[in-house]
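Visitor: give me a model of this one.
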Amino acid sequence: MTSTWTKTYTDARTCQGAAAHHRWLTEQMASLSTPLRLPRLRRSTPLQLSFDYVQGRDAHPGDLPLIAEAMGHFHQAVHHNTLHQASLDKPFRTSAGFSIPDFITPRRERVRTLLKKGSVPAPALTAEQAVQAIESAAGAPAAIYTDANLRNLMVAGTQITMVDYDCLTLAPFGYDLAKLVVSLAMTHGPLLPATIAAALAVYNHALAASPTPLPAVAWQKLMQWTEVHHILTSPYLGRHGYRHGWHRGSPTHQANEIWTAL
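Guide: Numbers count the residues shown, from 1 in each chain. Here you go, the predicted structure:
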């Protein structure tokens with residue numbers, strides 16, 4: 001008999017939303033031949049979801065290229081299948097009957113508030129710059145944000161399993177990859193720029209695959225998104241395994257320190 005893992009929710013709406021997200025993501029992945037997968041949803045009640053038990057461990061920095069490549073194929077497929085019709089500044093109504101929140105609305109006021117409170121350590125962006133970066137994505141091709149922090153991705157050999165479906169929004173390409181980069185660095189310490197660059201290269205190679213090749217994500221754009229994630233994730237520093245601030249050793253801050261010293 002297959003063992004299961006059960007997640008309990010405090011309200012039925014969030015539970016139902018997570019189940020709907022899981023079903024939709026499963027449909028999007030159905031035609032993909034990548035290491036990325038979702039466990040089967042075995043049972044749902046108003047406040048609980050039970051899935052096949054997932055063997056593995058949290059993602060490590062060494063897994064970054066493997067995950068980035070699978071993520072690129074997934075994002076490319078979701079855009080091709082569905083989200084080519086989406087606009088990042090508007091919620092998107094899926095054929096499954098639920099709406100995926102837009103990219104801009106959930107983030108604009110949050111980054112402004114965090115930066116104006118002065119609670120973000122050594123931000124590379126001002127409140128105005130961060131809001132402008134978020135709003136500038138309005139016309140970009142739409143991908144998906146699944147909160148790709150390392151604890152939501154279980155790795156077993158070359159197999160990657162997504163294990164959290166509560167959070168789903170539209171996002172530009174590269175944004176979810178930037179979340180994984182920041183999450184890994186805040187947990188394990190600064191990543192080498194070459195490691196991040198290698199992950200971006202395989203992600204972009206996946207985006208260039210047929211049937212609908214997509215533009216590559218530039219290094220500068222990925223770094224911009226890591227700074228947005230630095231702002232949004234800064235309240236969790238010291239919690240949930242986040243022991244290292246992104247501002248200590250990030251490629252962006254390293255470059256700023258070099259230029260300041262010159």
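Visitor: just the strands from the stretch 101-250 of the chain, written as ranges.
Guide: Per DSSP state E, counting those that start in this stretch, the stretch 101-250 of the chain carries strands over the ranges 142-145, 153-156, 159-162, 169-172.
Visitor: which one of those strands lies nearest to Y9?
Guide: When the strands of the stretch 101-250 of the chain are compared by CB to CB, strand 159-162 sits nearest Y9, at 17.6 Å. Yep, even glycine has a C-beta here, placed from its N, CA and C like the rest.
Visitor: quick one: the closest residue to T233 other than its chain neighbours from Y165, how far?
Guide: Residue nearest to T233 in three dimensions, not counting chain neighbours: V182, with 6.1 Å by CB to CB, 6 or more residues apart in numbering. Counting by CB to CB, to the nearest Å, the gap from V182 to Y165 is 21 Å.
Visitor: please apply the same query to P235.
Guide: 22 Å.
Visitor: more crowded one of these two?
Guide: For P235 versus Y165, neighbours defined as other CB atoms under 10 Å are more numerous around Y165 (24 against 14).
Visitor: thought the more buried one was touching H22?
Guide: Yes - contact criterion CB atoms under 8 Å: Y165 and H22 qualify, at 4.5 Å.
Visitor: overlap in contacts, those two.
Guide: Residues within reach of Y165 and of H22 at once, by CB atoms under 8 Å, 6 or more residues apart in numbering, are L38.
Visitor: the closest residue to R57 other than its chain neighbours - how many residues pack around it?
Guide: Once flanking residues are discounted, R57 sits nearest to V155: 5.9 Å by CB to CB, 6+ apart. Look at V155: counted by other CB under 10 Å, it has 20 neighbours.
Visitor: and if you look at P193?
Guide: For P193, the neighbour count with other CB under 10 Å is 16.
Visitor: go on, L47?
Guide: If you count neighbours by other CB under 10 Å, L47 ends up with 14.
Visitor: same check, this time on S31
Guide: S31 has 9 neighbouring residues, counting by other CB under 10 Å.
Visitor: and the helices in the stretch 1-150 of the chain?
Guide: For the stretch 1-150 of the chain, applying DSSP state H, counting those that start in this stretch gives helices covering 12-29, 64-81, 105-117, 127-135.
Visitor: mind putting those helices into TSV with mean pLDDT?
Guide: Converted to TSV, those look like this (pLDDT from 0 to 100):
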stretch	mean pLDDT
helix 12-29	95
helix 64-81	96
helix 105-117	96
helix 127-135	97
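Visitor: need these in a markdown table (columns: distance to A208 and mean neighbour count).
Guide: Shown next, in a markdown table, are the helices of the stretch 1-150 of the chain (distance: least, CB to CB, whole Å; neighbours: other CB atoms under 10 Å):
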| stretch | distance to A208 | mean neighbour count |
| --- | --- | --- |
| helix 12-29 | 19 | 17 |
| helix 64-81 | 9 | 22 |
| helix 105-117 | 28 | 16 |
| helix 127-135 | 24 | 17 |
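Visitor: nearest to H188, of these?
Guide: Closest to H188 of those is helix 64-81 (CB to CB; 10.5 Å).
Visitor: I figured R107 hits W225, correct?
Guide: No - using CB under 8 Å, R107 makes no contact with W225, being 10.8 Å away.
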